[in-house]
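Peer 1: predicted structure and sequence below. I'll ask about it afterward.
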Amino acid sequence: ILDGRVKTLHPAVYGGILAVRHDPQHMAVLQKQGIAPIDMIVCNLYPFEATLARPGSGHQDIIENIDIGGPTMVRAAAKNYHDVAIVTDPGQYAEVIEELRAQEGALTLATRERLAGAAFARTAAYDSAIGGYFTSRTGTEELPARLTLQFARKLPLRYGENPHQKAAFYVEPASNYPSVSTARALHGKELSFNNILDLDSALNLVREFSDPAAVVIKHNNPCGAAVAATLEEAFRKAYEGDPLSAYGGVLGFNREVDEATARQITEPNRFIECIIAPGFSKEAFQLLTTRPSWKKSVRLLETGPLERDGAARALDYRRVDGGLLVQSRDLPADDFANLKVVTRRQPAAAELADLRFAWLVCKHVKSNAIVLAKNGMVVGVGAGQMSRVDSVHMAVRKAGERSRGSAMASDAFFPFRDNIDEAAAAGVTAVVQPGGSMRDQDSIQACDEHEMAMVLTGIRHFRH
């Protein structure tokens, strides 16, 4: 009735599911009511998650794909697992059929209990997706009082960060924005745990840029990045930023990889683990997958057109023992909108462009983070040092002579002027930082003494 909204909600159905077989009173009621016991329920719920993830789905279509009778039936069967088997996933069919044949039409209690657990997990995930949808529509609580997350296993992984750790890749079923989770694997070996982390970092960094951009990621840090008029030039500059570290790295692009770029990537003595991009031209795909030394191993992932704010409503989660830290994402934004020049010398136009570029890259480097950039490319990175001045030393050492005339970005304020003095000695001419230190004036004075330009954004970008 009601256009199919009510089909199975009836005692004749639920009596047969919930009756306890060894209870004489239950069985007497079934006999009196003419209800047959039901031994197995096979139920696939309305595709709410798929409808939600499908571009263009309207609110009413989404609402009509909220299953009512299905979850009720699933929960009833799972509750009575001693007598009833509940099958909720086509992936279970083969093993259930095999056991039915082996056990002469029966399933063991252990199997029924395991299926019941999977059934309750399925309905919990289903309701979580529905609750998340309504919460996102109302927007009343960005950080809700109670948080329920649901993910589906997409890939079993050979191991985790290290070979002795077990791992799998889980994705949000309703996610539809371009990401590692939704990317299409076009070629290559299976992804590793570390590959997925690096691919995610690469994609998040190239999203920052509107011009053709290329990045090289190693151990979840950018070791090279560049923007240019063409993707080929952007890759060449990104790779030359630190060719030693780039070996065995992960590449990210914000444009379709064309033939010219692929020729650069496949030059002799270069080895790349993975490449993620909006797409690959036919010629580029042919080049990347037929190079003798890596044709079977290089992993190519296609995302489709990238969006800068596709994940704007998503939250960022960090696991700690016994809990979860939740925050809004550090999304692409125009941190230069309220830029403040605090030195006597204004940055020149070319310096300002490099400052902006270095700042965007620095946001994606592990703190304490320092990035040196020159002519739209990274020339030095200092990552993950406990002392900020040590990150300056590292970036300067990586840059070598290229530090002369470069722009420097820092993800947080300078606690002491020694950072500026070290940068000046290496030839850095302009600096961008958030500001906010009680000793900001010391750093500003150091810049003035060295005739450097300094700008403040007022925005910090720690990355732990």
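Peer 2: On my side now, so go ahead.

Peer 1: nearest residue to the residue nearest the centre of the chain in space, please, no chain neighbours.
Peer 2: Centroid-nearest residue in the chain: Asp200, 5.0 Å away (criterion: CA atoms, centre = their mean). With sequence-adjacent residues excluded and distances taken as CB to CB, 6 or more residues apart in numbering, Asp200 is closest to Val180, at 4.8 Å. No exception for glycine: its C-beta is placed from N, CA and C like everyone else's.

Peer 1: can you pull out the strands in the stretch 101-250 of the chain?
Peer 2: In the stretch 101-250 of the chain, the segments counted as strands under DSSP state E, counting those that start in this stretch are 152-157, 167-171, 184-187, 213-218, 221-227, 249-253.

Peer 1: ok, the residue nearest to His450 when sequence neighbours are not counted - contacts?
Peer 2: Spatial nearest neighbour of His450, excluding adjacent residues (CB to CB, 6+ apart): Ala424 at 3.8 Å. Applying CB atoms under 8 Å, 6 or more residues apart in numbering, we find Ala424 in contact with 446-447, 450, 452.

Peer 1: what average pLDDT does the helix or strand that contains Ala424 get?
Peer 2: Here Ala424 sits within helix 418-425, counting by DSSP states H and E. Per-residue pLDDT over helix 418-425 has a mean of 97.

Peer 1: ok, Arg345 - contacts?
Peer 2: 447-448, 451-453.

Peer 1: quick one: the helices in the stretch 51-200 of the chain?
Peer 2: For the stretch 51-200 of the chain, helices defined by DSSP state H, counting those that start in this stretch occupy the ranges 59-64, 69-79, 93-102, 109-138, 193-206.

Peer 1: which parts of the protein belong to which domain?
Peer 2: 11-138, 183-332, 333-456 (automatic domain parsing).

Peer 1: for the contacts of Arg345, which one is nearest Gly131?
Peer 2: Checking the contacts of Arg345 against Gly131 with CB to CB, the nearest one is Ala453 at 50.8 Å.

Peer 1: what about that closest one, neighbour count?
Peer 2: By other CB atoms under 10 Å, 22 other residues sit near Ala453.

Peer 1: now it, nearest residue through space, not along the chain?
Peer 2: Nearest one to Ala453, counting by CB to CB, 6+ apart, is Pro347 at 3.9 Å.

Peer 1: tell me the pLDDT of Pro11.
Peer 2: Pro11 is given a pLDDT of 89.

Peer 1: please apply the same query to Ala333.
Peer 2: For Ala333, pLDDT reads 82.

Peer 1: how about the one 5 residues further on?
Peer 2: Note on Asn338: pLDDT of 89.

Peer 1: that one - that's part of a helix, no?
Peer 2: No: applying DSSP: H, G, I helix; E, B strand; the rest coil, one finds Asn338 to be coil, outside a helix.

Peer 1: His187 bridge partners, please.
Peer 2: When assigned by DSSP bridges, His187 has beta-bridge partners Leu300.

Peer 1: you'd agree it is up against Glu302?
Peer 2: No: using CB atoms under 8 Å, His187 is not in contact with Glu302, being 9.7 Å away.

Peer 1: low-confidence stretches in the stretch 51-200 of the chain?
Peer 2: 139-141 (pLDDT under 70).

Peer 1: just to revisit the earlier point, deepest-packed of the domains of the chain, please.
Peer 2: domain 333-456 (a mean of 21; mean count of other CB atoms under 10 Å).

Peer 1: any chance you could map the strands in the stretch 301-450 of the chain?
Peer 2: 315-320, 323-328, 340-341, 370-374, 377-382, 407-410, 430-433.

Peer 1: so what strands line up beside the fourth one?
Peer 2: According to DSSP bridges, strand 370-374 forms sheet pairs with strand 377-382 (antiparallel), strand 407-410 (antiparallel).

Peer 1: adding distance to Asp321, write those strands out as a markdown table.
Peer 2: Shown next, in a markdown table, are the strands paired with strand 370-374 (distance: least, CB to CB, whole Å):
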| stretch | distance to Asp321 |
| --- | --- |
| strand 377-382 | 30 |
| strand 407-410 | 31 |
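
Peer 1: Serialize those strands to JSON lines and add fields for distance to Gly70 and mean pLDDT.
Peer 2: Putting the strands paired with strand 370-374 into JSON lines (distance: least, CB to CB, whole Å; pLDDT from 0 to 100) gives the following:
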{"stretch": "strand 377-382", "distance to Gly70": "52", "mean pLDDT": "98"}
{"stretch": "strand 407-410", "distance to Gly70": "53", "mean pLDDT": "98"}
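
Peer 1: quick one: which of the ones you listed is nearest Leu191?
Peer 2: strand 377-382 (24.7 Å).

Peer 1: which other residues reach the closest one?
Peer 2: Under CB under 8 Å, 6+ apart, the answer for strand 377-382 is 221-227, 237-238, 240-242, 358, 361, 365, 368-373, 390-399, 402-403, 406.

Peer 1: can you do 7 Å?
Peer 2: 221-226, 237-238, 241, 361, 365, 369-373, 391-396, 398-399, 402-403, 406 (CB atoms under 7 Å, 6 or more residues apart in numbering).

Peer 1: again with stretch 9-20
Peer 2: 26-27, 30, 33, 35-38, 41, 69, 72-73, 76-77, 80, 83-84.

Peer 1: distance of Ser201 from Glu98?
Peer 2: Shown here: Ser201 relative to Glu98, a distance of 42 Å by CB to CB, to the nearest Å.

Peer 1: no no, Ser128
Peer 2: Counting by CB to CB - Ser128 and Glu98 are separated by 31 Å.

Peer 1: same question for Pro222.
Peer 2: Taking CB to CB as the measure, Pro222 and Glu98 are separated by 49 Å.

Peer 1: quickly list what the residue nearest to Glu142 when sequence neighbours are not counted is bridged to.
Peer 2: Excluding the flanking residues, the one nearest Glu142 by CB to CB, 6+ apart is Ser328, at 6.8 Å. Beta-bridge partners for Ser328, by DSSP bridges, are Leu315.

Peer 1: so Ser328 makes contact with Leu143?
Peer 2: No: using CB atoms under 7 Å, Ser328 is not in contact with Leu143, being 8.2 Å away.

Peer 1: enumerate every residue touching Pro212.
Peer 2: Neighbours of Pro212 in contact, by CB under 7 Å, 6+ apart: 227-231, 234, 254-255.

Peer 1: at 8 Å what do you get?
Peer 2: 227-231, 233-234, 253-255.

Peer 1: and the gap between it and Gly249?
Peer 2: Distance from Pro212 to Gly249, by CB to CB: 19 Å.

Peer 1: how about Arg402?
Peer 2: On the measure of CB to CB, Arg402 and Gly249 end up 19 Å apart.

Peer 1: and Ala77, by the same measure?
Peer 2: Using CB to CB, Ala77 is found at 50 Å from Gly249.

Peer 1: wait, the residue nearest to the centre of the chain sits on Ser179?
Peer 2: Yes: if you go by CB under 8 Å, Asp200 and Ser179 touch, sitting 7.4 Å apart.

Peer 1: that older thread, send me the helix holding Ala424 as CSV with only the CA atoms.
Peer 2: Presented in CSV, the C-alpha positions along helix 418-425 are these (Å, rounded to 0.1, in the frame of the first residue of the first chain):
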residue,chain,number,x,y,z
ASP,A,418,68.0,33.9,13.7
ASN,A,419,65.7,32.4,11.0
ILE,A,420,65.8,35.6,9.0
ASP,A,421,69.6,36.0,9.5
GLU,A,422,70.2,32.5,8.1
ALA,A,423,67.8,33.1,5.2
ALA,A,424,69.5,36.4,4.4
ALA,A,425,72.9,34.8,4.4
